[in-house]
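Undergrad: here is a sequence with its predicted model. Questions after.
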Amino acid sequence: MNLPTLLFALLGVLALLQPAKSLEALDVRVETRTDVYGVEQQSIVGRLRNNAADTAYDSLTIFAEVYNAADEVIGEGFGYRVNACGAAVLDDPLQPGEEADFALTLELYPEFEGDAAIPARFEVAAEGASTTPEDPLNMADYTGITQITTEEVVSVDWRASDVLLYGVGCDENIFTRHEWWRYDVNRRRAAALDAHPDATFLTDQVIAASRVNLASEIDLTQDETLIERSFFTFIPDTTRAVWQNYKHDLYTAERDGSTGRREVHTYLHQYSLRGFIFTPERNFLAYYFGAYGEPVRWITANVNGQLVSNVVTVTPQSNTVPGVQYDGRRAIISGTINGVTGYYFAEARGAQRELLFEIAPEELAGNHYPAPAYFRRDQNTRFIYIIRPIEGRAVLQCYHYEGRTLTTLTELPLQLATDERAWSWISPDGRWLAISANGRHSGLWLADLASYACIAAPEENA
C-alpha cells in the first residue's frame with residue numbers, strides 16, 4: 001500500500017528506539033524511493049546515533065513496528081545502516097558519538113484499511129554486537145591538513161581560490177541531489193546552502209530541450225528517471241553543460257540544453273561513466289570504469305563538444321582515474337607498461353608514453369583512489385599531486401615535472417576499502433588541494449600545498 005510521504009509528515013509520526021537506550025533514532029520519516037529498475041518503494045529512513053561513551057556497535061540490524069491511532073500494529077520495517085547511496089553497511093561499527101543513516105523497507109499489513117491503515121507512530125529497535133571503539137583520528141599527525149567535515153563528500157566546486165562548495169551524498173546521483181555547503185578557507189567556516197547555485201539552470205525546459213530523458217528514438221518514449229543517471233553537469237566557468245543519454249552517448253550544449261548541441265562520443269553503452277575532470281582551458285576528461293579492480297578508460301574533449309583524444313577504445317587504460325593536462329592533449333595515467341610500473345604522461349591522440357616515475361607494483365593505486373591533480377604555475381613550472389598507498393598508508397606526493405623530482409609531502413587520513421572512493425580538486429591558484437572520501441571513513445580535508453617544500457608561493461596561471 002503506497003501512502004504519500006506528505007501524509008506521514010502531517011500526522012507527526014513518533015519514532016521511539018527500544019530497547020537499546022544507547023542507540024537513538026533521529027529524524028525518522030517515510031520516503032518514497034525509486035530503485036535502479038524504476039520501481040517505487042516506501043522506506044522508513046532516519047539517523048542512528050550511538051550515545052554510548054565507550055562502546056561501538058557492529059553488524060547493526062534495525063527493526064520497526066508501525067502503529068495506527070488505535071495503537072494497533074499495522075505494519076513493520078526491517079533494514080540496516082546504509083551509506084549515502086542507500087546500500088547496506090554491515091561491517092562498519094558505529095562509534096561512540098557517531099551518527100549514521102539507516103533505511104528500513106516498509107510493509108503495511110493488507111488487512112487494515114481506511115483510517116486504520118494510517119500510521120500514527122513507529123517503534124524502532126536496533127541490535128548489534130558491542131565491540132571496542134576505534135581510536136579517534138588525530139589530525140595533528142598529518143602535516144598541513146585540515147579536516148572540514150566527516151560527511152560523505154563526493155563533489156567539490158572551487159568558486160574562488162579561497163572559497164569552495166562541497167556536496168554530500170551519493171556519487172552516483174546528479175549534483176542537484178546532493179546536500180551543498182559553502183566553505184570559507186580563510187575563516188575556516190562552513191555554511192549550509194539551499195542548493196548548488198547551478199541548480200537554478202536545470203529547469204524542466206532545459207531537461208526537455210536536452211532530450212536527456214528520451215528513452216527511445218523510435219517512438220520518443222520518455223523516462224523521467226534518466227536525468228538521475230545522466231551525470232548532467234554545468235561546466236565550471238562556461239555557459240555549457242555536459243551529460244550522457246540513455247545509450248551513454250556523450251553530449252555538450254549551451255545551458256538551455258539545445259543551442260550548440262554536439263555529440264562528443266557514441267558507442268559508450270558498455271562503459272560506466274563515473275565523472276568528469278575540468279581544466280582551466282575549457283577542456284575536460286570523462287572517465288569510465290565498473291567495479292573495483294577494473295581498468296579506467298577515458299577520453300578528453302573541449303567544452304564545445306569536439307573530441308581532443310582518440311576514442312575510448314584506443315586511449316590507454318589506467319589503473320587510477322587519470323589526471324589531465326590543461327589542453328587535454330595528455331593524461332596522467334598509472335600502470336605497468338613494457339614491464340615498468342609507474343605513472344606516465346600519455347598522449348591523448350597518439351602512442352607516446354612518457355614515464356614520469358617508477359614505483360613498486362604493490363604501491364599502484366586502484367580506480368578508487370583520487371586522480372592525479374595537475375597544476376601549471378607558469379610555462380616552465382608544472383606540478384602533479386599524486387595520492388597513493390605506500391606501506392599500507394595513503395600518502396600525498398608531488399612530482400615537479402621540469403625538475404623530474406618526486407617529493408613525499410605527508411600521510412593522509414584516507415582509509416579506503418575496495419567499495420569506497422576518494423577524489424581530489426586543486427584550487428585555482430594551486431595553493432590548496434581538497435581531498436574527499438565516501439564510505440566508512442568519509443570526510444573532506446584541505447591540504448595546504450604551500451606548507452610543503454614542493455611548491456613555491458602561488459602565482460596566477462599562465
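TA: Good, I have the coordinates.
Undergrad: quick one: low-confidence parts of the stretch 1-150 of the chain?
TA: Low-confidence segments of the stretch 1-150 of the chain, defined by pLDDT under 70, span residues 1-21, 33-39.
Undergrad: where along it do the helices fall?
TA: Under the criterion DSSP state H, counting those that start in this stretch, the stretch 1-150 of the chain contains helices at 5-11.
Undergrad: ranges for the strands of it?
TA: Ranges of strands in the stretch 1-150 of the chain, per DSSP state E, counting those that start in this stretch, are 14-17, 23-34, 40-50, 56-67, 73-81, 99-108, 121-131, 145-149.
Undergrad: and the third one with strand 23-34, angle?
TA: In this case it means strand 40-50. 160 degrees (axes from the mean of the first three to the mean of the last three Cα atoms, to 10 degrees).
Undergrad: right, and the helix or strand after the helix or strand where residue 251 lies?
TA: Per DSSP states H and E: residue 251 is located in strand 250-254. On the C-terminal side of strand 250-254, the closest following helix or strand by DSSP H and E is strand 262-265.
Undergrad: so which bits of that next one are buried?
TA: For strand 262-265, burial by neighbour count (16 or more other Cβ atoms under 10 Å) applies to 262, 264, 265. For every residue, glycine as well, the C-beta is placed using N, CA and C.
Undergrad: the last one against residue 299, yeah?
TA: Yes: under the contact definition of Cβ atoms under 8 Å, residue 265 touches residue 299, with a separation of 5.8 Å.
Undergrad: mind listing the shared neighbours of those two?
TA: 250, 286, 307, 311, 312 (Cβ atoms under 8 Å, 6 or more residues apart in numbering).
Undergrad: need those in CSV (columns: neighbour count).
TA: Listed next are the shared contacts of residue 265 and residue 299 as CSV, based on neighbours: other Cβ atoms under 10 Å:
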residue, neighbour count
250, 24
286, 24
307, 19
311, 14
312, 20
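Undergrad: narrow the residues you listed to those in helices?
TA: Using DSSP state H, no member of the shared contacts of residue 265 and residue 299 falls in helices.
Undergrad: ok, these vs residue 146, which is closest?
TA: Of all the shared contacts of residue 265 and residue 299, residue 146 sits closest to residue 286, with 30.6 Å by Cβ to Cβ.
Undergrad: that closest one bridge partners, please.
TA: Bridge pairing for residue 286 (DSSP bridges) gives the partners residue 276, residue 299.
Undergrad: residues touching it, list them.
TA: 242, 250, 264, 265, 273, 275, 276, 298, 299, 300, 301.
Undergrad: show me the domain layout of this protein.
TA: For the chain, the structural domains run 5-131, 137-171+372-462, going by automatic domain parsing.
Undergrad: CSV please, covering those and showing mean neighbour count and distance to residue 364.
TA: Shown next, in CSV, are the domains of the chain (neighbours: other Cβ atoms under 10 Å; distance: least, Cβ to Cβ, whole Å):
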stretch, mean neighbour count, distance to residue 364
domain 5-131, 16, 25
domain 137-171+372-462, 18, 7
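Undergrad: please identify which of these is closest to residue 246.
TA: That would be domain 5-131 among the domains of the chain, by Cβ to Cβ, at 12.4 Å.
Undergrad: now do the SS call for residue 200.
TA: What DSSP: H, G, I helix; E, B strand; the rest coil gives for residue 200 is helix.
Undergrad: number of nearby residues for it?
TA: By other Cβ atoms under 10 Å, the residues close to residue 200 number 9.
Undergrad: just list the residues touching it, thanks.
TA: Applying Cβ under 8 Å, 6+ apart, no residues contact residue 200.
Undergrad: what's the distance between it and residue 234?
TA: Residue 200 sits 10 Å away from residue 234, taking Cβ to Cβ, to the nearest Å as the criterion.
Undergrad: circling back to that earlier point, and of the contacts of residue 286, the nearest to residue 372?
TA: Looking across the contacts of residue 286 and measuring by Cβ to Cβ, the closest to residue 372 is residue 298, at 12.5 Å.
Undergrad: was I right to think the closest one contacts residue 318?
TA: Yes: checked against Cβ under 8 Å, the pair residue 298 and residue 318 is within contact range at 7.0 Å.
Undergrad: so what sits against both of the two?
TA: Here residue 298 and residue 318 have residue 331 as joint contacts, going by Cβ under 8 Å, 6+ apart.
Undergrad: distance-wise, check residue 418 relative to residue 295.
TA: Counting by Cβ to Cβ - residue 418 and residue 295 are separated by 15 Å.
Undergrad: no wait, residue 219
TA: On the measure of Cβ to Cβ, residue 219 and residue 295 end up 37 Å apart.
Undergrad: cool, and residue 60?
TA: Distance of residue 60 to residue 295, computed by Cβ to Cβ: 35 Å.
Undergrad: same question for residue 205.
TA: Counting by Cβ to Cβ, the gap from residue 205 to residue 295 is 39 Å.
Undergrad: more neighbours: which of those two?
TA: residue 295 (17 against 11).
Undergrad: tell me the contacts of that one?
TA: Residue 295 touches 289, 317, 318, 319, 335, 367, counting by Cβ under 8 Å, 6+ apart.
Undergrad: one more: residue 367?
TA: By Cβ under 8 Å, 6+ apart, residue 367 lies in contact with 289, 292, 293, 294, 295, 296, 319, 320, 321.
Undergrad: tell me the SS of it?
TA: Under three-state DSSP, residue 367 comes out as coil.
Undergrad: read off the pLDDT value for it.
TA: pLDDT recorded at residue 367 is 97.
Undergrad: kindly report the same for residue 325.
TA: 98.
Undergrad: give me the nearest residue to it, chain neighbours excluded.
TA: Leaving aside its sequence neighbours, residue 325 sits nearest to residue 374 (Cβ to Cβ, 6 or more residues apart in numbering; 6.0 Å).
Undergrad: list the helices and strands whichever helix or strand that neighbour is part of packs on?
TA: According to DSSP H and E, residue 374 maps onto strand 373-378. The contact analysis (3 or more Cβ pairs under 8 Å, 6 or more residues apart in numbering; DSSP states H and E) places strand 373-378 against strand 323-324, strand 381-390, strand 422-426.
Undergrad: following element in sequence after the longest one, please.
TA: What that stands for is strand 381-390. Toward the C-terminus from strand 381-390 - assigned by DSSP H and E - lies strand 393-400.
Undergrad: with the shortest one instead?
TA: Where DSSP H and E defines the elements, the next helix or strand beyond strand 323-324 is strand 330-337.
Undergrad: okay, residue 64 and residue 112: tell me how far apart.
TA: Taking Cβ to Cβ, one finds residue 64 at 16 Å from residue 112.
Undergrad: run the chain-centre distance for the host helix or strand of residue 436.
TA: If you go by DSSP H and E, residue 436 is part of strand 432-437. Relative to its parent chain, strand 432-437 has a centroid offset of 12 Å by Cα atoms, centre = their mean, to the nearest Å.
Undergrad: what's the neighbour count on the closest residue to residue 261 other than its chain neighbours?
TA: Nearest non-adjacent residue to residue 261, counting by Cβ to Cβ, 6+ apart: residue 253, 4.0 Å away. Residues near residue 253, counting by other Cβ under 10 Å, number 22.
Undergrad: which strand residues bridge residue 253?
TA: residue 241.
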